[in-house]
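[1] need a structure here:
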Amino acid sequence: MTPRVSGALLLLVLVALVATPPLATAAATDPVVAQQTTGTPAPVAENTTFALAIQSNGDARWTITDTYALEENETEAFRDTGEQFAAEDDQAVWLPAFREARAEASTVTGREMSITGVDRRYEVSDRKGQLILEFTWTNFATVDGENIVVGDAFNATDGTWFGTLTADQRLVISPPPGYGVESAPSAVTDGKLVFEGQRTFEPGYLSVVYTGEQPNTQTPTDTPGSAFGGVDSVWLGGVVLLVLLVGAVGYMFRTGYADGLPSATADDDGGDSAGTAAPTSDTTDSEEVDVELLSDEERVERLLEENGGRMKQARIVSETGWSNAKVSQLLSSMDEEGRIDKLRIGRENLISFPDEDITDFDE
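    Presented below is the predicted three-dimensional model:
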């Protein structure tokens with residue numbers, strides 16, 4: 001049974017938003033655990049995502065999203081909580097901890113840093129609610145020629161202020177537009193580093209180097225003086241070949257040459273002639289799909305289609321034979337792209353198509 005946000009818990013969320021006391025110095029060094037050490041009951045989110053988008057000037061745009069599962073009768077209550085969250089000036093959940101982390105990082109790196117462009121909003125549907133905090137952390141990374149280096153801003157005077165993730169939390173670091181990853185502490189998926197589940201980060205571990213802006217290969221270049229500037233030569237060759245083929249067939253019929261070709265129809269006595277074409281395979285064979293030709297994302301979507309639009313993550317691991325780490329990173333990426341929904345149920349993740357009804361899931 002999926003854990004739900006009760007009416008009493010929604011009240012605790014509201015209390016946490018309007019009455020969170022100043023963070024203790026020790027708690028401020030790690031915003032991931034800060035809320036559990038402030039003395040005020042913290043809201044229990046289904047999952048929390050820390051998304052960090054590096055900018056080409058070295059700034060970082062942070063987006064922290066707390067997601068809650070809601071019963072049908074809790075939607076309006078959560079909407080009221082969201083309105084209160086969006087109206088707060090300085091006490092949004094997580095913001096005090098990040099302000100103190102920024103001060104620590106500025107002291108350690110010697111760079112002037114600030115938290116700007118703070119935005120608080122909420123999103124709510126009939127089965128989940130989200131509190132979303134966004135802000136820009138200036139000078140988070142350093143620009144060194146064609147490279148952008150991320151890492152020292154995670155440092156604090158006593159190690160690192162971002163030292164842990166809990167079981168229901170995720171950190172996603174995205175590259176600047178047009179930049180590639182030169183070095184990273186773990187595997188990269190679509191240019192992103194994804195860390196998920198309970199783990200500890202040693203000081204200096206979160207270090208990434210992005211290299212020079214990549215050329216734009218999407219815009220075709222016109223050839224001066226060409227009537228077909230920007231047209232791919234392969235496509236042009238294909239069109240010419242098709243025109244020649246149609247012309248040849250037309251010539252055969254006009255000259256009567258096609259009359260001499262073997263007939264594909266039955267003989268006069270009802271039997272098949274020697275020129276009869278081989279029988280076509282039935283529709284079942286023609287619809288068979290070679291899973292080896294599918295992308296990883298398409299294979300996951302095909303599994304969901306075959307299982308009513310929802311599956312547990314562990315079963316996807318079993319069906320595909322992929323490692324837990326690969327499946328976890330792939331599903332996190334698909335969740336960010338909106339191709340699936342990933343919802344924590346107890347100690348497991350339920351994977352479903354967006355807007356799929358999961359209220360009666362009992363696998």
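
[2] contacts and neighbour counts: CA atoms only from here.
    Will do.

[3] would you quantify the distance from the closest residue to residue 194 other than its chain neighbours to residue 82?
    Leaving aside its chain neighbours, residue 194 sits nearest to residue 172 (4.6 Å; criterion: Cα to Cα, 6 or more residues apart in numbering). Plainly put, residue 172 is 24 Å away from residue 82 if you go by Cα to Cα, to the nearest Å.

[4] give me the more crowded residue out of these two.
    A side-by-side neighbour count of residue 172 and residue 82, using other Cα atoms under 10 Å, places residue 82 first with 23 against 19.

[5] would you confirm that the more buried one contacts residue 122?
    Yes. With contact defined as Cα atoms under 8 Å, residue 82 reaches residue 122; the gap is 5.3 Å.

[6] find residues that contact each of those two.
    residue 131 (Cα atoms under 8 Å, 6 or more residues apart in numbering).

[7] show me the shaky parts of this structure.
    Within the chain, the ranges that satisfy pLDDT under 70 run 1-45, 89-93, 213-240, 243, 246-289, 359-363.

[8] domain assignment for it?
    Structural domains assigned to the chain are 7-211, 290-352, following automatic domain parsing.

[9] can I get those domains in a markdown table including distance to residue 242?
    Below are those laid out as a markdown table (distance: least, Cα to Cα, whole Å):
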| stretch | distance to residue 242 |
| --- | --- |
| domain 7-211 | 38 |
| domain 290-352 | 28 |
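
[10] just name the most buried of these.
    domain 7-211 (a mean of 18; mean count of other Cα atoms under 10 Å).

[11] for residue 356, what are its contacts?
    Contacts of residue 356 (Cα under 8 Å, 6+ apart): 309, 310.

[12] can you name the next helix or strand after whatever helix or strand residue 105 lives in?
    Assessed by DSSP states H and E, residue 105 sits inside helix 95-109. As assigned by DSSP H and E, the chain's next helix or strand after helix 95-109 is strand 115-124.

[13] and the helix or strand hosting residue 305, what does it pack onto?
    In the assignment (DSSP H and E), residue 305 maps to helix 296-306. Applying 3 or more Cα pairs under 8 Å, 6 or more residues apart in numbering; DSSP states H and E, we find helix 296-306 packed against helix 324-336.

[14] next structured bit after the helix or strand encompassing the residue nearest to residue 194?
    Remark: residue 172 resides in strand 169-174, with elements defined by DSSP H and E. Where DSSP H and E defines the elements, the next helix or strand beyond strand 169-174 is strand 180-183.

[15] what pairs with that following strand, parallel or antiparallel?
    Strand pairing for strand 180-183, determined by DSSP bridges: strand 208-211 (antiparallel).

[16] show me what the strand it pairs with is in contact with.
    Counting by Cα under 8 Å, 6+ apart, 146-151, 175-176, 179-185 sit against strand 208-211.

[17] of all those, which two lie farthest apart?
    Greatest spatial distance among the contacts of strand 208-211 (Cα to Cα): 146 and 185, at 20.0 Å.

[18] where along the stretch 151-300 of the chain do the helices fall?
    For the stretch 151-300 of the chain, the helices defined by DSSP state H, counting those that start in this stretch occupy 233-255, 283-286, 296-306.

[19] what about the nearest residue to residue 127 once chain neighbours are set aside, distance to residue 144?
    Of all residues not flanking residue 127 in the chain, residue 70 sits nearest, at 4.9 Å (Cα to Cα, 6+ apart). Taking Cα to Cα as the measure, residue 70 falls 46 Å from residue 144.

[20] against residue 84, how distant is residue 334?
    Distance from residue 334 to residue 84, by Cα to Cα: 31 Å.

[21] I meant to write residue 111 there.
    In terms of Cα to Cα, residue 111 sits 34 Å off from residue 84.

[22] please apply the same query to residue 178.
    Residue 178 is 38 Å from residue 84, by Cα to Cα.

[23] what does residue 104 give?
    Distance, residue 104 to residue 84, using Cα to Cα: 29 Å.

[24] for residue 296, give me its contacts.
    Counting by Cα under 8 Å, 6+ apart, residue 296 touches residue 330.

[25] and the gap between it and residue 56?
    With distances taken as Cα to Cα, residue 296 is found 30 Å from residue 56.

[26] same check on residue 117?
    From residue 117 to residue 56 the distance is 17 Å (Cα to Cα).

[27] that older thread, isn't the residue nearest to residue 127 up against residue 79?
    No. When contacts are counted by Cα under 8 Å, residue 70 is not listed as touching residue 79 (11.0 Å).

[28] thanks again, I'm all set now.
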